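K.L.:
I'll drop the sequence and a predicted model, then ask my questions.
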Amino acid sequence: MPDLRVLVVEDDPVAAEAHRTYVERLPGFTCVGVSGTAGRALQVLARGNVDVVLLDMHLPDGHGLDVVRRMRAAGNQTDVVAVTSAREVAAVQAAARIGVVQYVLKPFAFETLRDRLWAYARQRRAAEAGQVVADQEEVDRLLHPATTSSVPKGLAGGVLDRVVQLLADREGWTAEEVATSLGTSRITARRYLEHLADQGQALRTQRYDGRSGRPKVEYSWVSES
């Protein structure tokens, strides 16, 4: 089956490039464009060569949900994955009502988006193959798809996203500070931080506190603004 064609709609250039890079790393997906405004996104969608949109909710010329409504009014049934910092319950519910298939909160680790796009792809391809459901349990899985994380052994996707949130909220964290915030050991915190650094999502630097000659390793988020 051909790759699923993805349009990234994001007004922040750093975040847009990060999302484009994430998509291009995924087997089975191809990024066919990046749009920074609602108007430009609708123009691209009108060409009919997009399978799924990664859509930010806060755009300079309109709200992401309005983009979806205008798509549907024009007869465009392209699937939408919200990729946003909008955390209001009302926003999540409104997105679900108009058919947004996944809702991913910024900032996030690569694995978070990967797992949700893979869950979306499995469901889409099952539908296109004409598969039928066997029982209520399978219906529930389709309506509320679980995303089984494949982060490295010993790491939990939920904790990884909490570490990402910490790094995005403040410049520069040591493993000790992350451990204190999460209520974990320093060794555990360092494993998550090192994983993000190895993935290119966190930057390692040296922090000198002036009290001793030995610097501490400090981590900063680099993939999202």
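P.N.:
Received, thanks. Keep in mind it's a predicted model, so treat the numbers as computed, not measured.
K.L.:
ok, and what's touching stretch 215-222?
P.N.:
For stretch 215-222, the external contacting residues (CB atoms under 8 Å, 6 or more residues apart in numbering) are 107, 164, 167-168, 171-176, 178, 193, 196-197, 200-209. No exception for glycine: its C-beta is placed from N, CA and C like everyone else's.
K.L.:
Separate out the buried members of those residues.
P.N.:
Neighbour-count burial (16 or more other CB atoms under 10 Å) applied to the contacts of stretch 215-222 gives 107, 164, 167-168, 173-175, 178, 193, 196-197, 201-202.
K.L.:
Now for Phe110: which residues touch it?
P.N.:
Contacts of Phe110 by CB under 8 Å, 6+ apart are Tyr22, Arg25, Gln199, Gln201, Ser223.
K.L.:
let me redo that: Arg114
P.N.:
The contact partners of Arg114, taken as CB under 8 Å, 6+ apart, are Tyr22, Arg25, Leu26.
K.L.:
how many neighbours does the residue lying closest to Asp3 once chain neighbours are set aside have?
P.N.:
Leaving aside its sequence neighbours, Asp3 sits nearest to Thr30 (CB to CB, 6 or more residues apart in numbering; 4.3 Å). The number of residues packed near Thr30 is 13, by other CB atoms under 10 Å.
K.L.:
Within its sheet, name the partner strands of the helix or strand hosting Thr30 and how each one runs.
P.N.:
Applying DSSP states H and E as the criterion places Thr30 in strand 29-35. Next to strand 29-35 in the sheet, as set by DSSP bridges, lie strand 4-9 (parallel).
K.L.:
Now do the same for the strand it pairs with: mean pLDDT, whole number.
P.N.:
In this model, strand 4-9 carries a mean pLDDT of 96.
K.L.:
Kind regards, and thank you for your time.
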